[in-house]
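Colleague: Got a predicted structure plus its sequence, pasted below:
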Amino acid sequence: MDEGTEIINALMSPEAAADPYPLYRRARELGPAVPVWDDMLLATDYATVHQLLRDPKFGVPAREHHEAFEPTFAEHSSLVTISNSILWTNAPHHARVRSLIASVFTARRIALLAPAVEAAVARMLDELAELGAGGTPVDFMDTFAFRLPVGVICELLGVPEQDRYRFRALATDLTVALEVLAGSEELAAADEATEELRGYFAELAAQRRAHPREDLVSALVQVVDGAEQRLSDEELLANLVLLLVAGFETTTNLLGNGLDLVFRHPWTLDGLRTGRIAPASFTEEVLRYESPVQLTTRVPLAAGLSVAGVPVPEKGGLFLLLGGANRDGARYVDPDVFDPLRTDSQPLSFGGGVHYCLGAQLAKLEATTALPALLNRFPTLARAGEPVRRARLVLRGFESFPLLLAG
């Protein structure tokens, strides 16, 4: 077995979830493009990953690519639904649908959310204080890191508050479909979660069709029902599922990773509380140092392509190691040092090019608001035990994070 294949196999093991970075370093030492298995390459360094994210000759693996690898693809509603969303489509389909979603999911709409996010953070910190009163341990992931972003994206979409509790388990099950090699039992759970979410959004869309409101579901339903019908019913459902799951999964991981780094680097506590460390700079460094999305995939859209002199298999593709690129010593001074005073970071955690994450601005808004507020509200915050990481390669975050609010 060649060394590149050894590395990708090791990355997919549960043991690598604790610390994949030595494996990323080994991959970079082999070169910017490393053959693995029989039909894939690893893109290992910042310059190569940055280029591939923006190169129109490469795209995301659309339905036809997945069907070539997974003969039972069409039997899995999770895979089919994701392939009908902007996450797994290329031009011209991707450009049409993304522009329609972006027309209602605007930067201005997100910026106007800042007061609402601040209010939601304050309210949830009050609730957290009640749960942790008298030294009772609380799970940060369950009580805050999940609830804040799911509340914000559901408010945008127009999901009633009483329905939001159900989404964490569904999202956890569904996102397994994004992993490099998901098992049959995991895909079955992902399919079940997908069907429940599709049914929920079909019903919500019908309600908004009859009684529109000032929310994203109403706005997108109007696009479906418009004279030009620029969005199909299937595209509507697939992208509503994507907006919900992507709208909080990455942010939940960002919040958990950020808090973990505060505890691992206690000097940042005073820096954030006094303002010496800007919340925006801290968030950028968290994104670089512990990217909530560690890997993404690209496939060639033309024949005869190569990367760094290595031919790209025409029926294969590339794994872009985002987490490894963000630790590349050719791009960053002391890449394995967590330094929130770093300037010109520009991590690749949210992708790039036409597939740059639509929710990046929202995730950063929530993180820059929530973490400083948490640390200021509970000055003696302490861990109540070891946090438990999820055994995932693509999405890096915590399953649980026990806290004592008064250490």
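Modeller: Sure thing, it's come through. Please read these numbers as outputs of a predicted model, since none were measured by experiment.

Colleague: Start from the N-terminal end of the stretch 1-150 of the chain and give the helices.
Modeller: Taking DSSP state H, counting those that start in this stretch, the helices of the stretch 1-150 of the chain run over residues 3-11, 21-30, 46-54, 63-69, 77-83, 93-104, 107-111, 114-131, 140, 147-157.

Colleague: so which of those is the most packed in?
Modeller: Burial of those is given as mean neighbour count (mean count of other CB atoms under 10 Å); helix 140 ranks first at a mean of 26. In short, each C-beta sits where N, CA and C put it, glycine included.

Colleague: buried set for the longest helix anywhere in the chain?
Modeller: Across the chain, the longest stretch assigned as helix under DSSP state H is helix 233-264. Within helix 233-264, the residues that count as buried by 16 or more other CB atoms under 10 Å are 235-262.

Colleague: sorry, back to before: and the helices of the stretch 1-150 of the chain as a markdown table, adding mean pLDDT and distance to residue 378?
Modeller: Shown next, in a markdown table, are those (pLDDT from 0 to 100; distance: least, CB to CB, whole Å):
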| stretch | mean pLDDT | distance to residue 378 |
| --- | --- | --- |
| helix 3-11 | 93 | 35 |
| helix 21-30 | 98 | 30 |
| helix 46-54 | 98 | 36 |
| helix 63-69 | 81 | 45 |
| helix 77-83 | 92 | 38 |
| helix 93-104 | 88 | 37 |
| helix 107-111 | 85 | 27 |
| helix 114-131 | 95 | 8 |
| helix 140 | 98 | 11 |
| helix 147-157 | 91 | 15 |
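
Colleague: The ones you listed: which one's closest to residue 316?
Modeller: Closest of the helices of the stretch 1-150 of the chain to residue 316 is helix 63-69, at 9.0 Å (criterion: CB to CB).

Colleague: For the closest one, name the packing helices and strands.
Modeller: Helix 63-69 sits against helix 77-83, with contacts defined as 3 or more CB pairs under 8 Å, 6 or more residues apart in numbering; DSSP states H and E.

Colleague: Low-confidence stretches in the protein?
Modeller: Scanning the chain for pLDDT under 70 picks out the ranges 1, 180, 226-229, 407.

Colleague: looking at it, which residue lies furthest from center?
Modeller: residue 134 (34.8 Å; CA atoms, centre = their mean).

Colleague: hang on, the earlier thing: next one: the longest helix of the chain to chain centre, how far?
Modeller: Taking CA atoms, centre = their mean, to the nearest Å, one finds helix 233-264 lying 5 Å from the centre of the chain it belongs to.

Colleague: still on that earlier bit, measure the residue farthest from the centre of the chain to residue 406 for me?
Modeller: According to CB to CB, to the nearest Å, residue 134 and residue 406 sit 9 Å apart.

Colleague: Could you tell me which residues touch both of those two?
Modeller: Among the neighbours of residue 134, none is also in contact with residue 406 (CB atoms under 8 Å, 6 or more residues apart in numbering).

Colleague: Residue 235: what's it in contact with?
Modeller: Applying CB under 8 Å, 6+ apart, the residues near residue 235 are 84, 85, 97.

Colleague: what's the closest of those to residue 365?
Modeller: Closest approach to residue 365 among these (CB to CB): residue 85, at 22.8 Å.

Colleague: number of nearby residues for the closest one?
Modeller: 23 (other CB atoms under 10 Å).

Colleague: Could you check how far it is from residue 397?
Modeller: To residue 397, residue 85 is 21 Å away according to CB to CB.

Colleague: what's the answer for residue 2, then?
Modeller: 31 Å.

Colleague: and the end-to-end length of stretch 326-344?
Modeller: Chord length of stretch 326-344, first to last residue, is 12 Å (CA to CA, to the nearest Å).

Colleague: Can you list the buried residues in that stretch?
Modeller: Within stretch 326-344, the residues scored as buried using 16+ other CB under 10 Å are 326, 327, 328, 331, 332, 335, 338, 339, 340, 342.

Colleague: May I ask you to confirm that the second one is in contact with residue 24?
Modeller: Yes: using CB atoms under 8 Å, residue 327 is in contact with residue 24, at 6.2 Å.

Colleague: For the residue sitting nearest the centre point of the chain, give me its contacts.
Modeller: Taking CA atoms, centre = their mean, the centroid of the chain lies closest to residue 250, which sits 3.2 Å from it. Residues in contact with residue 250 (CB under 8 Å, 6+ apart) are 292, 293, 357, 359, 363, 395.

Colleague: Of all pairs in these, which one spans the longest distance?
Modeller: Greatest spatial distance in the contacts of residue 250: 359 and 395, 14.0 Å, computed using CB to CB.
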